[in-house]
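Asker: Here is the input, now give the coordinates:
(2 chains)
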Amino acid sequence: MTDTPQQLAAAYQPGDVEHRRYEHWVASGYFDADAKSDKPPFSVVIPPPNVTGSLHVGHALDHTIQDALVRRKRMQGFETLWLPGMDHAGIATQNVVERKLAAEGLSRHDLGREKFVERVWQWKAESGGAILGQMRRLGDSVDWSRERFTMDDGLSMAVQTIFKRLYDDGLIYRAERIINWCPRCLTALSDIEVEHTDDEGELVSIRYSDEIVVATTRAETMLGDTAVAVHPDDERYKHLIGTEVELPLTGRRIPIVGDSHVDPAFGTGCVKVTPAHDPNDFEIGQRHNLPSITMMDERAIITVHGPFQGLDRYEARPAVVAALRAQGLIVAEKRPYVHAVGHCSRCKTTVEPRLSLQWFVNTKPLAQAAGDAVRDGRVRIEPASLAPRYFSWVDNMHDWCISRQLWWGHRIPVWYGPNGEVVCVGPDNEPPSGEGWVQDEDVLDTWFSSALWPFSTLGWPDPTDDLAKFYPTSVLVTGYDILFFWVARMMMFGLYGMNGKQPFNVVALHGMVRDQYGKKMSKSFGNVVDPLDWIDRFGADATRFTLAKGANPGADVPVSEEWCQGSRNFCNKLWNATRFALMNGAHVEGDLPAELSTVDKWILSRLQHTIADVNEQFEAFEFAKVCDTLFHFAWDEVCDWYVELSKSALNPRVLGHVLDQLLRLLHPIIPFVTDELWCALTKSEGSVMVASWPVADEALIDDVAEASVELLQRVVTEVRRFRSDQGLKPGQKVAARIEGMTAHEDLVRSLARLEPAGDDFTATATVTIATGAPSEATAASAGTITVALDTRGSIDVAAEKARLTKDRAAAEKEIAQATAKLGNEGFLAKAPADVVGKLRDRLAVAQADVARIDEALTRLTA
RNA sequence: GGGCGCGUAGCUCAGCGGAAGAGCAUCCGCCUUACAAGCGGAGGGUCACAGGUUCGAACCCUGUCGCGCCCA
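Answerer: A predicted model of the protein is given here:
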């Protein structure tokens, strides 16, 4: 880039940088993966967002984590692929387009299937996929040349291929079952598309005969009852099994059956059986060969003849109860009665269990394999504590209803012939033609195609270079809340489609983004964060840092605007530190000098620890700790101490090196500001994103330098504390005599604003710092540093007394604790020697402190 | 009803067997020439409760209470 500013502005302005940087990255091809590369692969497929969706804060978290992983691996020299794309979101997308049609006074049926699907594609071209542009604003380093969509030709072929295979293997079948039905979307739903909430309803007890009373929350379904069931061992009703009872309002006679699934303790112990409208009742019906009476149509309107015909289910309920009450058959009513009710996850309409002919995947063998892959360690779930959640799902999976009564989606590749023939057509087969052959009307669940995503996007079923290089993918990053949606289904189809090879090696789970009080974000509560708003106001880096800083493995991520401001401040801090460095000639040319000051050795040593820690934390998906470690190193150690200590004797090469490494370490989390600064610092026209990732250099670890600077820090801090307690102005120089320091006296003077003692020096107060364990101290230093200060008679005696008294109390407490422990024979006998030794040292230091403080207090009162 | 997890400073969270930590918020003092989106200093916690194990428990075990989430 030629427009790298030589002179940095006084504050970081993300808006000036982000767009330019992103365009530069894309134009330079940094994001593009090369399947023919010799580098080891690192691949991630994006959990495809919905084509109708826009970037919400949950995506922002998910993408920040993926981008951080990918950017680090790229810098580490891996051939990285992060593959973007979207799913076609059958129900959601069809709803969107149908709403648009409705505005024109049309329904999809007015257009017909073909024209409607054309309209959907047209909608997608015009308004779909807004999220892809928003991903750029966040900084996602995805390979745009490989962007995929579940309805693409290639992915559609993958769908047809796997359908045919599963069908031929007997793992896909068609059957009449009770399924979850949405009376508004007019389609079947799978179990995971149903959300259960505790709703207020009613529990009505209805008398069916002198001896039989049933309780129900859905009185209207009694019109479809075909039996009453009791527990076969229930003494109250045993004798009635095999007899019949007249079903009120209908005059039909229905049998009383014994079924051990009935809970005799619940209610009266009798249950009405409506096989066509309840999954449990359906099973009872199967066991007892009961007929099924469908008493509602697909819109949940009553279809049985009689006074209730034509009523909606919610109109029918009170009408049925009223009719029963008129006959004196209502025994009890409980309102409100709170019970779990299923809702369509797309439109929130109450789901209606419905008996219908649908296509299913037999998940038994697939789910077994999906569980085994984790059990035998081929796939690791991070954090491991969430594995039970995965197992509870895959080990108890019901067959998966995959047919949807929609037009938008992959049409089921099955053809029915005039004589009852059923033919499943693979991608290489010609569909049967001729009189009377018709294709199944239904489409497949969107998840059926999403489950193929980790390999369909790489070209499967063709044996492509991408598949060879990048499958299995390295890691799947997603929220634990959709462990079931993503992980379980991708695992099932990945293992099946790729001959037992898992779709990903690691599943890294994060939590859900919450507000600063740990509350779930919801539109009605008004605490929803729009990541684009934050990007506008604080920058993409600040937004990303805020999210990553809260991301402890598997745990929810609280965020707030204040914290995002703090992240913005951090970016600005980095900006200004680099600005200072450049103003003072910091550079990265040549090797580090052989001769280094203690302060330089110290920061280089601290840098090595930081690099090592960050690498460990990255490997463990500990993003919160990565952020914490780097934040602390950058702000506290580099800015507050190193830069300040360097001001008197700056080593531009060391400062340049420290910032260079720091910016590299931070780049995966906050890519924009680090790139801008790194390019300015290194005078590069490339990017830090293709610079090498830091590796800790053991040779630069220097315990002596670290101890020396730590001591210096303690002395400075103690003097500053004294000054603050005394109410001395920050700018006021104080004459001081420092005793016991072997080095850094000048640095203490400069940071603590002290000046050398003159001829008229009179100590009015002393600050004393124990240099550490007396057992380790050399005789010469006597383990104490003393700073005698001359405050020119203006000493605040009360404040100084208070300070000393407080220190004394702390030391006394220390003595009490240590003495108690050291007086315990069990402790001396069983505790490790180093623990005992440390405690003895602490005791000695504390005792010396008390003696010293007492002396000072005496002097003060004298 | 079954399962998982959590209760540590005002808020959000680290720490998970050997001296109670961070960020934000609060208080005091500062425009010290990279940064007021800043600098220096300070206050604040019987680590939910009750037992137990241990020389030693925020940390391990048991129970109680409170709060989440998933499944039925």
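
Asker: residues contacting A:Arg375?
Answerer: By CB atoms under 8 Å, 6 or more residues apart in numbering, the contact list for A:Arg375 reads A:Phe391. All C-beta atoms are positioned from the backbone trio N, CA, C, and that covers glycine.

Asker: Those residues of the stretch 301-450 of chain A touching RNA strand B, which are they?
Answerer: Selection of the stretch 301-450 of chain A residues close to RNA strand B by CB under 7 Å from any atom of the strand yields A:340, A:385, A:388-389, A:392-393, A:396.

Asker: In strands, which of the residues you listed appear?
Answerer: Cross-referencing these against strands under DSSP state E gives A:Ala340.

Asker: By neighbour count, which of the residues of the stretch 301-450 of chain A next to RNA strand B wins?
Answerer: Neighbour count (other CB atoms under 10 Å) singles out A:Trp393 as the most crowded of these, with 17 neighbours.

Asker: Checking the residue nearest to it when sequence neighbours are not counted next. Helix, strand or coil?
Answerer: In this structure, A:Trp393 finds its nearest non-sequential neighbour in A:Phe484, 4.9 Å apart by CB to CB, 6 or more residues apart in numbering. Under DSSP: H, G, I helix; E, B strand; the rest coil, the three-state class of A:Phe484 is helix.

Asker: in terms of contact, does A:Phe484 touch A:Ile192 like I think?
Answerer: Yes. Counting by CB atoms under 8 Å, A:Ile192 is a contact partner of A:Phe484 at 5.6 Å.

Asker: Could you give the bridge partners of A:Gly479?
Answerer: Beta-bridge partners of A:Gly479, counted by DSSP bridges, are A:His510.

Asker: so it makes contact with A:Ala508?
Answerer: No. With contacts counted by CB under 8 Å, A:Gly479 stays clear of A:Ala508, the gap being 10.4 Å.

Asker: All the strands of the stretch 601-750 of chain A, residue numbers only.
Answerer: Under the criterion DSSP state E, counting those that start in this stretch, strands of the stretch 601-750 of chain A are mapped to A:734-739.

Asker: Run through the residues of it sitting next to RNA strand B.
Answerer: Contact residues, the stretch 601-750 of chain A versus RNA strand B (CB under 7 Å from any atom of the strand): A:624-625, A:628, A:631-632, A:635-636, A:639-640, A:643-644, A:716-717, A:720-721, A:723-725, A:727, A:729-731.

Asker: Just the ones in helices from those residues, please.
Answerer: Among those, DSSP state H puts A:624-625, A:628, A:631, A:644, A:716-717, A:720-721, A:723-725 in helices.

Asker: Quick one: residues contacting A:Val715.
Answerer: Contact analysis of A:Val715 by CB under 8 Å, 6+ apart lists A:738, A:741, A:748, A:752, A:769, A:785, A:787.

Asker: Just the closest of those to RNA strand B, please.
Answerer: A:Ala752 (8.6 Å; CB to the nearest atom of the strand).

Asker: What are the boundaries of the strands in the stretch 301-450 of chain A?
Answerer: Under DSSP E, counting those that start in this stretch, the stretch 301-450 of chain A gives strands at A:330-344, A:352-361, A:380-382, A:400-401, A:403-404, A:414-416, A:422-424, A:438-439, A:443-444.

Asker: and stretch A:302-314, C-alpha only, in CSV?
Answerer: Provided in CSV are the C-alpha atoms of stretch A:302-314 (Å, rounded to 0.1, in the frame of the first residue of the first chain):
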residue,chain,number,x,y,z
ILE,A,302,-62.4,-29.1,12.7
THR,A,303,-63.5,-31.4,9.9
VAL,A,304,-65.8,-33.9,11.6
HIS,A,305,-69.4,-33.5,10.9
GLY,A,306,-71.5,-31.8,13.5
PRO,A,307,-71.8,-28.5,15.2
PHE,A,308,-68.1,-28.0,15.5
GLN,A,309,-67.2,-28.4,11.8
GLY,A,310,-65.4,-25.4,10.4
LEU,A,311,-64.3,-24.1,13.7
ASP,A,312,-60.6,-23.4,14.3
ARG,A,313,-59.0,-25.5,17.1
TYR,A,314,-59.1,-22.5,19.5
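
Asker: Now that stretch: buried residues?
Answerer: A:302, A:308, A:311, A:313 (16 or more other CB atoms under 10 Å).
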